[in-house]
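*Asks:* could you work out the structure for the sequence below:
(2 chains)
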Amino acid sequence: EAQVTQNPRYLITVTGKKLTVTCSQNMNHEYMSWYRQDPGLGLRQIYYSMNVEVTDKGDVPEGYKVSRKEKRNFPLILESPSPNQTSLYFCASRDNLNTEAFFGQGTRLTVV
Amino acid sequence: GQQLNQSPQSMFIQEGEDVSMNCTSSSIFNTWLWYKQDPGEGPVLLIALYKAGELTSNGRLTAQFGITRKDSFLNISASIPSDVGIYFCAGSPFSNNAGNMLTFGGGTRLMVKP
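*Replies:* This next block holds a predicted model:
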């Protein structure tokens, strides 16, 4: 089954403790992206990647890092999480021929 | 980044009623997409529009790509309880997916009273 898989689905952590949210897709898509969803703001793009070893900042990249060492994986790294990074995070992927993005099920992060 | 204004922010309707929501942009988009997000899930694509003036249906859903390329509409006819969720518009200035990914509207939360 074609899918985008994020882990964990839920995470509660403390300020300053480094964390990684993993994302994996099995569709051989070139493009992958991370969004955060906040009430009334829709989905805002954090980082995106157009292929292996090619990443770029989205609209709200501050406080986040990503890497794309393999085509299927695109982890989101928070080196020193802060409470304003409490949000619902989505990973998405698409191929280079179509606009439609496929989304993971989301990771709800709470930073206390 | 680019901004999409989506309205209304929320709707509370009676089962069987028709629903209409829209998105507007300050700049031209060449692709408009409509997604639905069920509680606890990621957004799922409903309809994709690639041509100005295009009108596309998916069951009880109909979406239109505005002729100015700066807006899009989604209509749901004869709503049912499972239509509950958050609906997002999304746009891209690119028609062949070169470059960056999508810009999203703020979402319309739909609630349906049986």
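*Asks:* got the contact list for the closest residue to chain A within chain B?
*Replies:* For chain B and chain A, the shortest gap (CB to the nearest CB) falls at residue B:42, measuring 3.3 Å. Placement of C-beta: from N, CA and C, glycine included. By CB atoms under 8 Å, 6 or more residues apart in numbering or on different chains, residue B:42 lies in contact with A:4, A:90, A:92, A:103, A:104, A:105, A:106.
*Asks:* what's the helix or strand for the nearest residue to the fourth one once chain neighbours are set aside?
*Replies:* By that I understand residue A:103. Of all residues not flanking residue A:103 in the chain, residue B:42 sits nearest, at 3.3 Å (CB to CB, 6 or more residues apart in numbering or on different chains). Of the helices and strands defined by DSSP states H and E, none includes residue B:42.
*Asks:* which phi and psi does the spatially most central residue of chain A have?
*Replies:* By CA atoms, centre = their mean, the mean C-alpha position of chain A lies nearest to residue A:34, the distance being 3.0 Å. The phi and psi torsions at residue A:34 (degrees, to the nearest 10) take the values phi -120, psi 140.
*Asks:* gap between it and chain B?
*Replies:* Noted for residue A:34: a distance of 10 Å to chain B, by CB to the nearest CB, to the nearest Å.
*Asks:* I figured that residue hits residue A:93, correct?
*Replies:* No: using CB atoms under 8 Å, residue A:34 makes no contact with residue A:93, being 10.6 Å away.
*Asks:* between the two, what contacts are shared?
*Replies:* residue A:74.
*Asks:* mind telling me which residue of chain A is nearest chain B?
*Replies:* residue A:103 (3.3 Å).
*Asks:* got a list of what that residue touches?
*Replies:* Contacts of residue A:103 by CB under 8 Å, 6+ apart are A:4, A:90, A:91, A:92, B:35, B:42, B:43, B:44.
*Asks:* drop anything exposed from the contacts of residue B:42.
*Replies:* With neighbours counted by 16 or more other CB atoms under 10 Å in any protein chain shown, the contacts of residue B:42 contain buried members at A:4, A:90, A:92, A:103, A:104, A:106.
*Asks:* quick one: pLDDT of the fifth one?
*Replies:* With respect to pLDDT, residue A:104 scores 94.
*Asks:* the contacts of residue A:103 into a markdown table, with extra columns for pLDDT and distance to residue A:17?
*Replies:* Converted to a markdown table, the contacts of residue A:103 look like this (pLDDT from 0 to 100; distance: CB to CB, whole Å):
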| residue | pLDDT | distance to residue A:17 |
| --- | --- | --- |
| A:4 | 95 | 26 |
| A:90 | 96 | 22 |
| A:91 | 96 | 21 |
| A:92 | 93 | 26 |
| B:35 | 95 | 33 |
| B:42 | 92 | 26 |
| B:43 | 93 | 29 |
| B:44 | 93 | 33 |
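*Asks:* mind giving me a markdown table with those and columns for distance to residue B:28 and secondary structure?
*Replies:* Output for the contacts of residue A:103, formatted as a markdown table (distance: CB to CB, whole Å; DSSP: H, G, I helix; E, B strand; the rest coil):
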| residue | distance to residue B:28 | secondary structure |
| --- | --- | --- |
| A:4 | 29 | strand |
| A:90 | 26 | strand |
| A:91 | 28 | strand |
| A:92 | 23 | strand |
| B:35 | 21 | strand |
| B:42 | 28 | coil |
| B:43 | 23 | coil |
| B:44 | 26 | strand |
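*Asks:* now tabulate those in JSON lines and tack on distance to residue B:8.
*Replies:* Output for the contacts of residue A:103, formatted as JSON lines (distance: CB to CB, whole Å):
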{"residue": "A:4", "distance to residue B:8": "29"}
{"residue": "A:90", "distance to residue B:8": "23"}
{"residue": "A:91", "distance to residue B:8": "29"}
{"residue": "A:92", "distance to residue B:8": "25"}
{"residue": "B:35", "distance to residue B:8": "17"}
{"residue": "B:42", "distance to residue B:8": "23"}
{"residue": "B:43", "distance to residue B:8": "18"}
{"residue": "B:44", "distance to residue B:8": "21"}
